[in-house]
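1. Here is my input, please return the structure:
(one chain, ligands or ions: 1)
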Amino acid sequence: MNLYWEPITLNLTTTFRIAHGASDQRHNVIAHLEHAGLTGSGEAPAVVYHGESQEGIIAYLESAIPLLGDDPFQLEDILNNLPAGSHAARAALDIALHDLWGKIVGQPVYRLFGLNPERTPPTSFTIPIDEPAVMAERARSSGFPIIKIKLGAGQDEAIVAAIRNATGARLRLDANAGWSRIEALDLIPRLVQYDIELIEQPLPVGDIQGLVELRARLRQQGIGVPIFADENVKFARDVAAHQGAVDGVVIKLAKTGGLREAMRAIAVARSLDMQVMIGCMVESSLGVTAAAHLAPLCDYVDLDGPLLIRNDPFLGLRYQDAHLLLSDQPGLGVSRRAAA
Ligand code: MG
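-> Numbering: from 1, shown residues only. Just a heads-up that it's a prediction; the model follows:
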């Protein structure tokens, strides 16, 4: 197989501020795998707070060239032979292999997995951190029936109150690891008064014991809002480590390193009666469409990446209100957008 890649720059529709920091652009890498006249493609989002960079992803892809072999059906061996390192780059290769697999056999990836795309839950739409009135107007004017509110940089109750006042949408909160144990215990009982569907990653990365205690303290107060781990959970083994600590986990291909480990992570979550949200980074329609092929296995969907960028180089999943529509083309069903 022949591997090549292209760095891409995605321009965001609005400054994307979360508890980790703010950005107006993202610098991702697209990997292409060629075999017998067909090309499979995957995306590696260079997420700085995952320790990823465009240069690191490209260096990883370069190191993978001699290890790919010439049989794209040997996904398990190919992926197991890859060196440790960039999970985003591994995700790009895993996604490209699945795209290629589907194109060779002439079937969409969701059919290779035996999944019914009509089971895909509707997606949320993300409101990055800004002044409460600005966030409320974005939530209202989006028209989305499910809103994900980024929190964890101050004014959290004012933000949630303003958005609740502006929309009857289902509201999900994401603190992106931005609260301490004390802040979480103080804020959550106040925030749930605004009718909250779930809360993602309230505590700093790795504080599993804090989640156990937080959930117990909330339950004592009769507060049953589901708590999800996102930044805490990358792989299937991390899902297992959160049994009893959270109600659900957020799976993303850039964390698992692709679709195969994402499937394993979802299976582990199911075996432990945990709920599953599938999410994305700021990435183009290529990476987000790959995640959408697994969405029928999940309870919650947060796949709005293409809606947050202005210059998506690809056409893939489409949005009909909050519903995701996948094409029935072979592989991922993603194509290059014609140059403007
Ligand atoms: Mg999150």
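2. Phi first, then psi, for whichever residue of the stretch 201-340 of the chain sits closest to the ion.
-> For the stretch 201-340 of the chain and the ion, the shortest gap (CB to the ion) falls at D230, measuring 3.7 Å. Every C-beta, even on glycine, is put in place using the N, C-alpha and C of the backbone. With angles defined as degrees, to the nearest 10, D230 sits at phi -120, psi -80.
3. The closest residue to it other than its chain neighbours in helix, strand or coil?
-> Residue nearest to D230 in three dimensions, not counting chain neighbours: V250, with 3.8 Å by CB to CB, 6 or more residues apart in numbering. At V250 the chain is in strand, as set by DSSP: H, G, I helix; E, B strand; the rest coil.
4. isn't the residue of the stretch 201-340 of the chain closest to the ion right up against L198?
-> No. Using CB atoms under 8 Å, D230 makes no contact with L198, being 10.9 Å away.
5. of all the residues in the protein, which ones are close to the ion?
-> Selection of the chain residues close to the ion by CB under 5 Å from the ion yields 174, 200, 230.
6. and the residue nearest to D230, how many residues sit next to it?
-> Neighbours of V250 under the rule other CB atoms under 10 Å: 24.
7. That one: what's it in contact with?
-> 200-201, 228-230, 233, 277-279, 302 (CB atoms under 8 Å, 6 or more residues apart in numbering).
8. One more pass at 10 Å, please.
-> By CB atoms under 10 Å, 6 or more residues apart in numbering, the residues touching V250 are 174, 198, 200-201, 228-233, 275-279, 298, 300, 302.
9. got it, and I188?
-> Here I188 is in contact with 156, 173, 175, 179, 196, 199, 202, 214, 217-218, 221, 223, 225, 227 (CB under 10 Å, 6+ apart).
10. So which of the residues you listed are in helices?
-> 156, 214, 217-218 (DSSP state H).
11. Report the two of these separated the most.
-> Spanning the widest gap among those are D156 and R217, at 18.2 Å by CB to CB.
12. Looking at these two, which one has more neighbours?
-> D156 (23 against 15).
13. quick one: that one and I149 touch, right?
-> Yes. Taking CB atoms under 10 Å as the definition, D156 is a contact partner of I149 at 8.8 Å.
14. Quickly list what's touching both of those two.
-> Taking CB under 10 Å, 6+ apart as the contact rule, D156 and I149 both touch 129, 173, 175, 191.
15. any idea what sits nearest the first one, other than its immediate chain neighbours?
-> The one in question is I129. Nearest one to I129, counting by CB to CB, 6+ apart, is R17 at 4.2 Å.
16. mind checking the longest strand of the protein?
-> Identified as the longest strand of the chain according to DSSP state E is strand 2-18.
17. so how far is that one off the chain centroid?
-> How far strand 2-18 lies from its chain's middle: 15 Å, per CA atoms, centre = their mean, to the nearest Å.
18. list the buried ones in that strand?
-> For strand 2-18, the neighbour count (16 or more other CB atoms under 10 Å) marks 3, 5, 8, 10, 12, 16, 18 as buried.
19. residues touching the fourth one, list them.
-> Same thing as L10. By CB under 10 Å, 6+ apart, the residues touching L10 are 23-28, 45, 282-284, 305-306, 308-313.
20. now it: how far from the ion?
-> 18 Å (CB to the ion, to the nearest Å).
21. same check, this time on the third one
-> Relative to the ion, I8 is positioned 23 Å away (CB to the ion).
22. cool, the first one as well?
-> Computed as CB to the ion, the L3 to the ion distance reads 31 Å.
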